[in-house]
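Colleague: Here is a sequence with its predicted model. Questions after.
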Amino acid sequence: MSNPQYAYLTETLFGKIDHNPDDAPLIIDFLNRLETHPPEAVLIFSGFEVEVSYIFRNVLPKLQNWCIKNNKKVYVFSPCQEYSAIGPNGLKGSPCSINDIYSCVEWHEWHGFDIILAGINERRIAEKINPALRLRNPDYQEIPMGLEFKPSKLFTCYNNRPSEHRHKLIDELAKHDLLNKGIVTYRHYMEIMPIEHPDATPPLETFNYYNGDPKLIDEEDFVLHIGNYNCHNYPKSYFKGAIDIVTESRYEPGEYYMSEKTNKPLLAKKPFLVLGPQGYHKWLQETKGIEMYDEIFDYGFDDEPLLEHRIEGIVQNIRLLDGKELDYILKITNTKCEKNLCAYQTISHDGDTTHINMLNFLNTLELNDLSFVNHPDEFTSGVVTHHGRCHRRKRRALWSQRKIVP
C-alpha cells in the first residue's frame, strides 16, 4: 500500500508579499491538481510576518469549498495565531483566528524564519572573522558590534510600514521631547503612504504631540528594498544610537514573532526594547534564550495588556536613561549582549523551537517518504532536510559560540 500524498503551499508559490499580483493562473492550476491527484490534505507553510490569511487570501476560500466537498483539512504552519484574521472580503474584522473564518484550517506553530535569521548571523560573524569571506561577498556590510561602535545618540527607532503601535509610540516620544534624543524614522508614513492605502494610519493632524518636526525620514542613501538594501541591512546611522527601540511587525495579543527587526540589535550586540504583544520579552527569554537587559531596563511594562501602557513603559525607560553616559550603557550590557547572541544561535540551529514540532506532527500524517502531489523537490530541499542537518547545525552553532564569547 502506497503512502498518502499531500499538497502544499508556501508564500513563494502564492502571495508575492506586498505586491498583490494576479495569481489566478496559479490558483487554477493548483485546484486542478487537487482534482486530478486528490491529496489527503493541504499543508501551508509560512514563516514570515505577514498573515497567512492575507498571503493566501485568494486561495483559502476555494480551499474551504474543496475541503467541505471532499471532507479534507488544511494544516497551517506559521509563527503565531492571527489575532484578527483577514476574511474572504480582504478585510480584518473583530478579533478572530484563521480557524474561526475557515473551518477547514488546523493551525500549528512553526518558527521557520529563525533558521533564516540564524544563518544570516552565522555568515556575518564568519565574514567579520575571515577577510577571505568578505572578499567573496560583493554586498558585504561592515557591522560594528558591541563596544566597537561609539554612539552619539541615546537610541534608534526605525519604522517603515505605518501601524497603530508605531504611530502611538512616536507620539509618546514627542510628548516627552525625546525625538531629538535619538534617531527616529517613519518613512512610509512621512513620504509615500497615501491615506487611502489600507495600511495607512490617520493623517498627521491626528498626532497629539508630534508636529512634523523633526522629519522622520531615512538617510538619503538608505531606502529598504531599493538597490542592494534589504530588510537585513543596517542604516549607517544605526550605530549612532546606544539602544534600539524595536517596533515589531506584530503586536496584537498572542502574536509572538521575531523578525529581522529584533535580530538586528541582537547581532550588533546592542541592548534593545521591543514594542510587541504583551509578554514579548518574557517570550524571547523562554523560547529564544534572550535574557532581559535588567541592568538598565525596568520590564514592568512587559506584562501590561494595554498597548498604550506598554508604550508608556518603554518611553519611561528611555527617559530614565536620558543623561547617562552612552559608553557606560554599552559597557554594562556587553557581556549579556554576547551571551544572548550565542544563546539564540544555538537554540535556532538546534531546531527544537523551529522545525522539530512541525516535523513531529508531519510524522503523525504518515509522511514517511514526503510524497507530495506538487513541487516535491522544492519542499524536500527547503524544509524537511533541515531535520537531518540539526546535529551539523548545532556543531556550527557551538563553533560560533566559541568565536563570539571571549
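Modeller: Here it is on my side, so go on. Note that the coordinates shown come from a computational prediction; the quantities given were computed from them, not determined experimentally. Numbering: from 1, shown residues only.
Colleague: what's near enough to touch residue 94?
Modeller: The contact partners of residue 94, by Cβ atoms under 8 Å, 6 or more residues apart in numbering, come to residue 84. All C-beta spots, glycine's among them, are computed from the backbone N, C-alpha and C.
Colleague: Look at it and tell me its secondary structure.
Modeller: With DSSP: H, G, I helix; E, B strand; the rest coil as the basis, residue 94 sits in coil.
Colleague: what are the phi and psi values for residue 65?
Modeller: Note on residue 65: its backbone torsions stand at phi -60, psi -40 [degrees, to the nearest 10].
Colleague: I'd like to know how many residues surround it.
Modeller: By other Cβ atoms under 10 Å, 11 other residues sit near residue 65.
Colleague: Equivalent analysis for the one 5 residues further on, please.
Modeller: Other residues within reach of residue 70 by the criterion other Cβ under 10 Å amount to 14.
Colleague: what do you get for residue 236?
Modeller: Around residue 236 there are 11 residues (other Cβ under 10 Å).
Colleague: Use 55 as the first number for this chain going forward.
Modeller: That works, and once the first residue is 55, the last one we named lands at residue 290.
Colleague: Return the per-residue confidence for it.
Modeller: At residue 290, the predicted lDDT confidence score is 82.
Colleague: That one and residue 195: what is the separation?
Modeller: 10 Å (Cβ to Cβ, to the nearest Å).
Colleague: Can you list the buried residues in the top helix by length along the chain?
Modeller: Counting by DSSP state H, the longest helix found in the chain is helix 380-404. Neighbour counts over helix 380-404 (16 or more other Cβ atoms under 10 Å) mark 380, 383-384, 387-388, 390-404 as buried.
Colleague: Can you spell out which helices and strands pack onto it?
Modeller: Counting contacts by 3 or more Cβ pairs under 8 Å, 6 or more residues apart in numbering; DSSP states H and E, helix 380-404 packs against helix 167-183, strand 295-301, helix 314-322, helix 440-458.
Colleague: Skip ahead from it and say which helix or strand is next.
Modeller: As assigned by DSSP states H and E, the chain's next helix or strand after helix 380-404 is helix 410-418.
Colleague: Now do that next one, average pLDDT.
Modeller: 74.
Colleague: same thing with stretch 315-326?
Modeller: Here the average pLDDT along stretch 315-326 is 97.
Colleague: go on, stretch 173-186?
Modeller: Stretch 173-186 carries an average pLDDT of 93.
Colleague: pLDDT score for residue 296?
Modeller: The model's pLDDT for residue 296 equals 97.
Colleague: Number of residues surrounding it?
Modeller: Neighbour count of residue 296, defined by other Cβ under 10 Å: 26.
Colleague: hang on, isn't it packed against residue 380?
Modeller: Yes: counting by Cβ atoms under 8 Å, residue 296 does reach residue 380; the two are 4.3 Å apart.
Colleague: Quickly list what's touching both of those two.
Modeller: 205, 207-208.
Colleague: Pipe these into JSON lines and attach pLDDT and neighbour count per row.
Modeller: Formatted as JSON lines, the shared contacts of residue 296 and residue 380 follow (pLDDT from 0 to 100; neighbours: other Cβ atoms under 10 Å):
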{"residue": "205", "pLDDT": "95", "neighbour count": "20"}
{"residue": "207", "pLDDT": "96", "neighbour count": "16"}
{"residue": "208", "pLDDT": "98", "neighbour count": "23"}
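Colleague: Thanks a lot, catch you later.
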